[in-house]
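In: Need coordinates for the following:
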Amino acid sequence: MTNSRSSRLVVLAFAALLTPSIAISGFAQSSGRLRGTVRGASGAPIAGVSIIVTNQVTGKWKRMRSGVDGSYSFSLSPGAYRLRVGAPHAAKFDKDKNYGDFTIARGDALENVIVAAGQETVIDIPLDQVAIREIPREPGDKPTGHAGSETVPSEPQINRERREARDRWRIGFPEYDRYGDRAARGRDIPFKRGRWWDPYNQSVLKGDYPIHGNKLFMILSAVSTTTVEQRRAPTPSDVSSDEPVSAEFFGQPEQFAASETVQFSFELFHGDSTFKPRDWAIKISPTFSVPNYLNARENGVVNIDVRRGTNRTDSHISLEEAFVEVKLADLSSNYDFVSVRAGIQPFVSDFRGFIFSDNNLGLRFFGSADNNRIQYNAAYFSMLEKDTNSGLNRFDTRHQNVYIANIFRQDFIRKGYTIEGSFHFNDDRRSIEYDRNGFLVRPALIGDVRPHAIKVAYLGFNGDGHIGRLNLTHSYYYAFGHDDRNPIAGKRVDVRSNMAALEASVDKDFLRFKGSFFWAQGDSNPTDDKATGFDAIFDDPNFVGGQFSYWNRNGIRLTQTGVGLVQSNSILPSLRSSKTQGHANFVNPGIYIYNAGVDVELTQRIKTVFNVNYLRFHRTEPLEYVLFQNHIRHDIGWDYSLGVAYRPFLINNVTITFGASTLQTGRGFRDIFTDRARNCPPNVGDFCQPDVINPSKPLYSLFTQLKFVF
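Out: Sure thing, here's the model as predicted:
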């Protein structure tokens, strides 16, 4: 038995060694060779001459230059070929000389050169004694933009009517001043010479010209984002308050934050850059938070250790993009395709980012069908931990797997309207994690503080586009699954919850009038085994005001708990410890949001966005249970916001964004953070007048962002 097995191994090894030899031998037998030497009039070999051989049936051609000894050699498929040399040289074949059977000499070219399989054809090429004069290019006859050097050399021009341009991206074009008054106005120049530092005109550094051949491109870019923000938000005082006049529950509510984030990106890709999807790509984007500053004016905010004080300055280095992409196949002549991308990559699972919007480590298959009317994605993410203060990726995983599949259909029912069906699955496993500031974020420090796992799926139906003049966006999600030990319920809960959103808008001249509605279901009984509150995986919604809305932009913490009422860059009152590092929580109050807004294109440079939101809790029982309050009303309040985007150079490479918002608190919000009329002990009025709910000091947020893109 042993001898038989050894014999089989020997035979397999011999076959493995023999197979390449057979393949090489077979290839050699299926091709022939054309070789020879390029010689001058004296018979001396000439080096550096371009030799071109063209198959006279298929039209395919090959080119090479003669070596130092004047020799050349082509490996060719059997067939009839045309042989010539490129400018500035010219061949001079003798029509009376026999160069082979069927071969015809036509002055500077030799036709019907027969190449047979497994045989060698030898032809020496005599050069014409008369030198061909090269026509120099005109000074302005070069590409516009910062093109760099040619990546595919062309033959020298010898005819004023024709010039070879093998580098098809660097076709020359003279600079053109439409009105002839460049010195006076310096604009209206459609074809203007670019510079390497100019992000507006074409540049080899931005992928407008190839760096090698006709299909290899490189993109170098950098983004600097500077944000300064002043806000007033409910701020619980710690066991050791910073100010002796702080109330028992509330500290100084103001916070000032400043951050500088710089991202450098290097991308290399192969393809045609337009129409046809690229063949492969590599991209890496190191990102630096330098620095991230916060002045909270209250202990226990910047760090759990009150000795750290009220100020924090830190930095972080991250990779927000680091992936490899490969096209697996072209599916049709209209460039339908399927590709795969692996690594840290951006992904938004729906039109507005309701369920998943992040840059994270994953594997994604994507492509199109039906002449690009259908697009699809199938993605798996092994989620990375996030830095607490900057929100950027860390270099360790958090034992959370996310699976996403979606499909889009354009021009559904009406042209311009797209529908989407999606499936998400969140497999968030048991773990214990303290954030960078020392706070426990997994599991949440509330109720039953034991590690727990969440397995929840989402079925979604979304639409976006226009039907006639009406712009329409809608979304619906149904969440189902289980949390094996919800900290608030203190037991295993089965998740069954819903979310719906709708936005309609109409454009009139430079105005867009819009109205929106958002609903996330709440939980009516926080202690039973059913969790009906809705929560997302990693949301970043561009809805009801987006980054300009007070409720969306500012994370609001609940008093004396380890959870927040709402997280930063979210509109869900999820009662989770952290959106970036905590578990999803489906025992929460849910919310109604009613929105009215208008976008105004004041000029080509300035756009303003006005929004008014009215917010109400769907259910308040989870809040009453967590805060030990007998009755909390539903009214959260009115959220007013204004946003201004300014593009000083009419391009997005330099943008200045300003936002201002305020929350006029309602009775339910004041119930949560103590209301003098209902929850205060007698004769202790000062106890119930923290600045945070004083109408004379409203909650507000002001921010300015300066963004440079190269």
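In: how about the helices of this structure, start to end?
Out: Applying DSSP state H to the chain gives helices spanning 2-29, 182-185, 550-553, 621-627, 667-672, 676-679.
In: Least reliable of those helices by average pLDDT, please.
Out: Lowest mean pLDDT within the helices of the chain: helix 2-29, a mean of 42.
In: which stretches of the stretch 501-650 of the chain form strands?
Out: In the stretch 501-650 of the chain, the segments counted as strands under DSSP state E, counting those that start in this stretch are 511-520, 530-531, 556-557, 564-566, 591-601, 606-617, 635-646.
In: what's the closest of those to residue 387?
Out: Nearest to residue 387, of all the strands of the stretch 501-650 of the chain, is strand 564-566, at 17.7 Å by CB to CB. Quick note: C-beta positions are derived from backbone N, CA and C, even for glycine.
In: Need the strands of the stretch 501-650 of the chain in JSON lines (columns: mean neighbour count).
Out: Below are these laid out as JSON lines (neighbours: other CB atoms under 10 Å):
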{"stretch": "strand 511-520", "mean neighbour count": "18"}
{"stretch": "strand 530-531", "mean neighbour count": "22"}
{"stretch": "strand 556-557", "mean neighbour count": "19"}
{"stretch": "strand 564-566", "mean neighbour count": "23"}
{"stretch": "strand 591-601", "mean neighbour count": "18"}
{"stretch": "strand 606-617", "mean neighbour count": "20"}
{"stretch": "strand 635-646", "mean neighbour count": "20"}
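In: between those strands, which one is nearest to residue 475?
Out: Residue 475 sits nearest to strand 511-520 of all the strands of the stretch 501-650 of the chain, at 9.0 Å, using CB to CB.
In: Surely residue 297 and residue 312 touch.
Out: No: here residue 297 does not reach residue 312: they are 12.0 Å apart, not a contact under CB atoms under 8 Å.
In: And residue 419, how far from residue 413?
Out: 8 Å (CB to CB, to the nearest Å).
In: Quick check: closest non-adjacent residue to residue 384.
Out: residue 393 (4.7 Å; CB to CB, 6 or more residues apart in numbering).
In: Near residue 353, how many residues? Count them for me, please.
Out: Counted with other CB atoms under 10 Å, the neighbours of residue 353 add up to 20.
In: For residue 546, grab the count of nearby residues.
Out: Neighbours of residue 546 under the rule other CB under 10 Å: 20.
In: so it touches residue 552, yeah?
Out: Yes: contact criterion CB under 8 Å: residue 546 and residue 552 qualify, at 6.3 Å.
In: Can you tell me who residue 91 pairs with across the strands?
Out: Beta bridges link residue 91 to residue 127 when assigned by DSSP bridges.
In: And for it, the neighbour number?
Out: Counted with other CB under 10 Å, residue 91 comes out at 20.
In: Next up, the contacts around residue 475.
Out: Residue 475 sits next to 350, 351, 352, 354, 460, 461, 462, 463, 499, 500, 501, 502 when contact means CB atoms under 8 Å, 6 or more residues apart in numbering.
In: and if we set it to 7 Å?
Out: When contacts are counted by CB atoms under 7 Å, 6 or more residues apart in numbering, residue 475 touches 350, 352, 354, 460, 462, 500, 501.
In: how near is the third one to residue 646?
Out: In this case it means residue 354. 29 Å.
In: And the contacts of stretch 402-422?
Out: Contacts to stretch 402-422, defined as CB under 7 Å, 6+ apart, come from residues 349-351, 356, 373-381, 383, 423-426, 460-467, 537.
In: from those, which ones fall inside strands?
Out: Of these, the ones assigned to strands by DSSP state E are 374-381, 383, 423-426, 460-467.
In: picking that back up, what's the least confident stretch among the strands of the stretch 501-650 of the chain?
Out: Least confident of these, judged by mean pLDDT, is strand 556-557 with a mean of 89.
In: thinking again about what came up before, turn the contacts of residue 475 into TSV, including neighbour count.
Out: Converted to TSV, the contacts of residue 475 look like this (neighbours: other CB under 10 Å):
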residue	neighbour count
350	25
352	22
354	30
460	20
462	23
500	15
501	24
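In: For residue 608, state which of the residues you listed is nearest.
Out: residue 352 (20.8 Å).
In: I figured that closest one was touching residue 543, is that so?
Out: Yes: between residue 352 and residue 543 a contact is recorded at 5.1 Å, counting by CB atoms under 7 Å.
In: Now do the shared contacts for these two.
Out: Between them, residue 352 and residue 543 share no contacting residue under CB under 7 Å, 6+ apart.
In: Would you mind listing where this protein has pLDDT under the threshold?
Out: Low-confidence segments of the chain (pLDDT under 70): 1-29, 129-135, 137-141, 157-161, 173-192, 236-251, 674-697.
In: how far does the longest strand along it sit from the chain's center?
Out: In the chain, assigned by DSSP E, the strand with the most residues is strand 311-330. Distance, stretch centre to chain centre, for strand 311-330: 9 Å (CA atoms, centre = their mean, to the nearest Å).
In: Direction included, what does that strand pair up with?
Out: Paired neighbours of strand 311-330 in the sheet (DSSP bridges): strand 280-295 (antiparallel), strand 337-348 (antiparallel).
In: Can you list the buried residues in it?
Out: For strand 311-330, burial by neighbour count (16 or more other CB atoms under 10 Å) applies to 312, 314, 316, 318, 319, 320, 321, 322, 323, 325, 327.
In: which residues pair with the closest residue to the last one other than its chain neighbours across the strands?
Out: In this case it means residue 327. Of all residues not flanking residue 327 in the chain, residue 339 sits nearest, at 4.6 Å (CB to CB, 6+ apart). Assessed by DSSP bridges, residue 339 has beta-bridge partners residue 327, residue 366.
In: Surely residue 376 is in contact with residue 367?
Out: Yes: with contacts counted by CB under 7 Å, residue 376 reaches residue 367, the gap being 6.3 Å.
In: neighbour count winner among these two?
Out: More crowded of residue 376 and residue 367, by other CB under 10 Å: residue 367, with 21 against 17.
In: Residue 356 versus the most centrally placed residue in the chain, what's the distance?
Out: Centroid check for the chain by CA atoms, centre = their mean gives residue 346 as the closest residue, at 3.9 Å. Distance from residue 346 to residue 356, counting by CB to CB: 11 Å.
In: And for residue 274?
Out: To residue 356, residue 274 is 29 Å away according to CB to CB.
In: With neighbour numbers in mind, choose between those two.
Out: residue 356 (24 against 6).
In: Let me see the backbone angles for the residue nearest to the more buried one when sequence neighbours are not counted.
Out: Spatially, and ignoring its direct neighbours in sequence, residue 356 is nearest to residue 349 (4.2 Å; CB to CB, 6+ apart). Backbone torsions of residue 349, given as degrees, to the nearest 10, read phi -80, psi -10.
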